[in-house]
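# With the input below, show me the fold.
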Amino acid sequence: MARRFSCPRAKLLGIAPIPDLLDKRLVFVTGKGGVGKTTIAVALGLRAATEGKRTIVCEVSAQENASRFFDHTEVGFHEVQMEENLWSISIDPDESMREYVLLQLKVRAMRDMLFRSRIFNYLAAATPGLKELVTIGKIWELAQLDRKVRQGRKYDLVIVDAPATGHGIGFLQTPRTFAAIARVGPIHSQAQQLDRLITDHAHTGTAIVALPEEMPVNETAALERDLRSDVGVSVDRIYMNGLYPQRFSNQEAERLVELAEGENGAVRAAARAGISEHGRARSQRAQLARLRRRVEAPVRALPFLFEPELGVDSARRLAGRLG
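You can find the predicted model right below:
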């Protein structure tokens, strides 16, 4: 697998080449809300699973979008197998906190006393960023080859359907923030460990999902810049999602204009629909070109799927185009 990404210049310089996206151990999928993050996260999971990688797709904040793709009942805070080599989990922050405390405190009586404490529950709920920290802690635990939870599976790849643009940056910065606040002690060292995981370019990557429109392109370029400079993560791929097909040549489009002006009824309506789609396809490709000029990461274009509702078959169709 490694030879696919060999780099003669890097070898001459003694630098190990950065692995490709699906050869890493942890991948965050982010982007503006409504761009298809969950679809791409599931498609990446399907792609990795077909390549023989034991993969788990994680959702945060107890969402259940991935389970709906597979027409599955809610998976909750459980590692549920969806297909061969593919699992899913919905990470609930409260369950993550409980699991963290169980792993930290070995004396059962102390654990039970802590969970019953109103003061502890109040402080946990009121501490800014704590839910994000324990969520990232659970993601870290899933990515370990030596799992901390009893009977935990070992995964080759963990894919995270991360929060949308604005919240996503704060989410990934949470460990660094806690490490700065708690300057000593176990919270400090554990937060530093999580930050090292997120910013380890050899093992952790990021994919940004965008739409072929002016504002999403602007926000994607800004997001890539912020992720690289402010968070320090590796941005490995940008997916331009929902691209309309180019059905007509320019000559054919001119003929459609003539039909739209000279015909009546169904022919004129069809010609106008064709003109509208041709114009949208051209506009989208202009945005695709603009995005490629503004970002550093490779950009992959994904087609618009003309389906009333996206499901696992839709994600499977996209999986083959995610290289």
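
# In the chain, where is pLDDT below threshold?
For the chain, residues meeting the criterion pLDDT under 70 lie at 1-19, 62, 104-128, 263.

# And the helices in it?
Assigned by DSSP state H, the helices in the chain fall at 8-12, 37-50, 65-69, 93-104, 108-116, 118-126, 130-142, 165-181, 186-198, 214-226, 250-262, 265-294, 312-319.

# and the longest one, which residues are buried?
The neighbour-count criterion (16 or more other Cβ atoms under 10 Å) identifies Ala271, Arg272, Gly274, Ile275, Glu277, His278, Ala281, Gln284, Arg285, Gln287, Leu288, Leu291 as the buried residues of helix 265-294. All C-beta spots, glycine's among them, are computed from the backbone N, C-alpha and C.

# Please apply the same query to the last one.
When neighbours are counted by 16+ other Cβ under 10 Å, the buried residues of helix 312-319 are found to be Val312, Ser314, Ala315, Arg316, Arg317, Leu318, Ala319.

# tally of neighbours for Pro33?
To be clear, residue 33 is Gly; Pro isn't right here. Gly33 sits with 11 neighbouring residues when counted by other Cβ atoms under 10 Å.

# next one: Gly52
Using other Cβ under 10 Å, Gly52 has 11 neighbouring residues.

# and if you look at the one 4 residues further on?
Using other Cβ under 10 Å, the number of residues around Ile56 comes to 26.

# One more: Glu261?
10.

# residues contacting it?
Glu261 makes no contacts at all, as judged by Cβ atoms under 8 Å, 6 or more residues apart in numbering.

# Could you measure from it over to Arg268?
If you measure Glu261 against Arg268 using Cβ to Cβ, to the nearest Å, the figure is 8 Å.

# Distance to Glu95 for the buried residues of helix 312-319 - can I get that in CSV?
Output for those, formatted as CSV (distance: Cβ to Cβ, whole Å):
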residue, distance to Glu95
Val312, 26
Ser314, 30
Ala315, 26
Arg316, 30
Arg317, 33
Leu318, 30
Ala319, 30
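
# nearest to Glu252, of these?
Nearest to Glu252 among those, counting by Cβ to Cβ, is Arg317 at 26.2 Å.

# Look up how far Pro216 lies from the residue nearest to Val42 when sequence neighbours are not counted.
Excluding the flanking residues, the one nearest Val42 by Cβ to Cβ, 6 or more residues apart in numbering is Ala315, at 4.4 Å. Ala315 sits 20 Å away from Pro216 when distances are taken as Cβ to Cβ.
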